[in-house]
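Asker: no sequence for this one, just the structure:
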C-alpha cells in the first residue's frame, strides 16, 4: 500500500496563490508518475495535471490557462502544484496519486490516493 500525504490547502481570496505538496510516505516517489485531481460539486475527480517520474514530462488536463505549474523534487520525495490567479471555480478538494506507469487522465488508473487537501477560493 503506497501512501501519499497532501498539504498546503487553505482559504484564499480570488487572485491569490497556493502551493500544494504531495509527499510520499514509505516508498520512493521517483519511480512513479504523480497525478493531481480535484473533487468539486461540478466533477467528482477532475484530472488537473500529471508529471512523469523524471519530471521532464508534464501534462495539464484542465483548462488552466497557464495558472498552475506542477513540479517534483525526488530528493525530497515530494511533488508540488503551484496554483496562481485562483478563482472560485478552483475551489475543491485536491488529491495526488502515484502511478508506476505513464501519466493518464483517468482516476481509475491510479490505485493509491491521499486524503486530500481542501482549497477554498472566496472573497
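Answerer: Received, thanks. Keep in mind the model is a prediction, meaning the values are calculated, not measured. Numbers count the residues shown, from 1 in each chain.

Asker: tell me the centre residue of this structure?
Answerer: When CA atoms, centre = their mean is applied to the chain, the residue found nearest the centroid is residue 36 (2.7 Å).

Asker: so that one, which of the three states?
Answerer: Following DSSP: H, G, I helix; E, B strand; the rest coil, residue 36 is assigned to strand.

Asker: Now do it against residue 88, distance only.
Answerer: Distance of residue 36 to residue 88, given as CB to CB, to the nearest Å: 19 Å. In short, each C-beta sits where N, CA and C put it, glycine included.

Asker: For the nearest residue to residue 84 once chain neighbours are set aside, give me its contacts.
Answerer: Among residues not flanking residue 84 along the chain, residue 17 sits closest, at 4.7 Å (CB to CB, 6 or more residues apart in numbering). The contact partners of residue 17, taken as CB atoms under 8 Å, 6 or more residues apart in numbering, are 82-86.

Asker: Show me what the helix or strand bottoming out on mean pLDDT in the chain is packed against.
Answerer: Every helix and strand of the chain was ranked by mean pLDDT, DSSP states H and E. The lowest is strand 58-60, at a mean of 92. Packing contacts for strand 58-60, counted by 3 or more CB pairs under 8 Å, 6 or more residues apart in numbering; DSSP states H and E, involve strand 46-51, strand 68-73.

Asker: angle of the first one against strand 68-73?
Answerer: Here strand 46-51 runs at 40 degrees with respect to strand 68-73, directions being taken by axes from the mean of the first three to the mean of the last three CA atoms, to 10 degrees.
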